[in-house]
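**Student:** Below: sequence and its predicted model.
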Amino acid sequence: MGQEQPPLGKQYGYRLADGGRLNYDAVYRRHSLREQIDCIATTGNLNSKLTPPFAIDSNTLDRYLTLLQSASNPSLHHRKPLLLDAGAGLGEVGWWLSSHSPFEVIAVDYAFLACKLGFKRFGRTVESPRYITADLHNLPFRHSSFSAVISIDSLYFLPHPLPALSELARVMLPGAPLIFTILSSDQSYGCALTEWTKLLKANDFTAIGSADVSACWQAQMHEKHAARWAKRKQIMAALGVPAAQELAVSRTLLGLGGAGPTISTTRRAEIYAQRAD
Ligand SMILES: C[S@@+](CC[C@H](N)C(=O)[O-])C[C@H]1O[C@@H](n2cnc3c(N)ncnc32)[C@H](O)[C@@H]1O
């Protein structure tokens, strides 16, 4: 009998949570605290309003849009092509794509709180995504519903991505594009790409390629956490003890002490694939 492989993320040491729904709700329960921290870090003022997109630069968003539009086949489209934002969180990426393209976006996340906060933030305009709380392993959609899928920072959290990829393949139209991101440690980057390519092939996807976007991701993450760390006294004075945990994360990620992966030793890739015809 073959030895059972450890879950992909665990193997490479970048799985950040155990995939439990409640864990993610707990993460989103701290969302407004993180927003307040970022207000102080970026503007010095707790009461200023941050405008989206928050966590992602416009070049990256433009690239996603170009890839999704050039890869999706208009002859396969529904009247309005559907784009699935899988593991959407608040649905910021989906919201931006829906405002800049003909796609109608369905944002799926299994953290109820993520969908609730997302709807409150992005759900009230014509272009806003529709939010659905669901598990990527068991999607409440018919076969061949989507013209494209995007999944940012989500698939590598799954303990077993194989069945989730198979579920994505089920709901995608033949030939529809899939874009997703992975994080990996420096040492396992090549290995992680090989494993994901195998997983895609095993699930009726054609792997189109990948891009190493580590430099851009590292610069953004460094800017965000360095700004939080630089304003730590002001943040602690305004928000007190609850902010300490977030600042400890920034400290570790900046490599200022503590155990754990740091920004400079973490790599990021964008992976492009297409549902087989
Ligand atoms: C790091 S967040 C990324 C959110 C968003 N894509 C973004 O870029 O901001 C990962 C998201 O994946 C969701 N997630 C993890 N496992 C999931 C599953 N099995 N089904 C649906 N969503 C899941 C979590 O609830 C969380 O919101």
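**Tutor:** Sure, I can see it.
**Student:** Quickly note the distance from the residue nearest to Ala226 when sequence neighbours are not counted to Gln234.
**Tutor:** Nearest residue to Ala226, sequence neighbours excluded (CB to CB, 6 or more residues apart in numbering): Leu254, at 6.4 Å. All C-beta atoms are positioned from the backbone trio N, CA, C, and that covers glycine. Between Leu254 and Gln234 the computed distance is 17 Å (CB to CB, to the nearest Å).
**Student:** Report all helices and strands that the helix or strand where Gly118 lies contacts.
**Tutor:** For Gly118, the element it lies in under DSSP states H and E is helix 112-122. Using 3 or more CB pairs under 8 Å, 6 or more residues apart in numbering; DSSP states H and E, the elements in contact with helix 112-122 are helix 21-29, helix 92-99, strand 104-109, strand 130-133.
**Student:** Could I get the full set of helices for the protein?
**Tutor:** Taking DSSP state H as the criterion, the chain carries its helices at 8-12, 21-29, 31-43, 58-71, 92-99, 112-122, 161-171, 189-201, 214-230, 232-239, 242-253.
**Student:** Now mean neighbour count too, for the ones you listed, in a markdown table please.
**Tutor:** Below are these laid out as a markdown table (neighbours: other CB atoms under 10 Å):
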| stretch | mean neighbour count |
| --- | --- |
| helix 8-12 | 18 |
| helix 21-29 | 15 |
| helix 31-43 | 17 |
| helix 58-71 | 15 |
| helix 92-99 | 23 |
| helix 112-122 | 19 |
| helix 161-171 | 20 |
| helix 189-201 | 17 |
| helix 214-230 | 16 |
| helix 232-239 | 15 |
| helix 242-253 | 17 |
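**Student:** still on that earlier bit, my read is that the residue nearest to Ala226 contacts Lys224, right?
**Tutor:** No. At 10.2 Å, Leu254 does not count as touching Lys224 under the criterion of CB atoms under 8 Å.
**Student:** thinking Phe103 is in contact with Val93, fair?
**Tutor:** No. Here Phe103 lies out of contact with Val93, judged by CB under 8 Å, at a distance of 11.6 Å.
**Student:** From Glu270, how far off is the closest residue in space to Ala55 that isn't next to it in sequence?
**Tutor:** Spatially, and ignoring its direct neighbours in sequence, Ala55 is nearest to Glu92 (6.9 Å; CB to CB, 6+ apart). Remark: distance between Glu92 and Glu270 (CB to CB) = 17 Å.
**Student:** coming back round to it: I'd like the helices of the chain laid out as JSON lines, including mean pLDDT.
**Tutor:** Listed next are the helices of the chain as JSON lines, based on pLDDT from 0 to 100:
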{"stretch": "helix 8-12", "mean pLDDT": "40"}
{"stretch": "helix 21-29", "mean pLDDT": "77"}
{"stretch": "helix 31-43", "mean pLDDT": "91"}
{"stretch": "helix 58-71", "mean pLDDT": "87"}
{"stretch": "helix 92-99", "mean pLDDT": "92"}
{"stretch": "helix 112-122", "mean pLDDT": "90"}
{"stretch": "helix 161-171", "mean pLDDT": "94"}
{"stretch": "helix 189-201", "mean pLDDT": "94"}
{"stretch": "helix 214-230", "mean pLDDT": "94"}
{"stretch": "helix 232-239", "mean pLDDT": "95"}
{"stretch": "helix 242-253", "mean pLDDT": "92"}
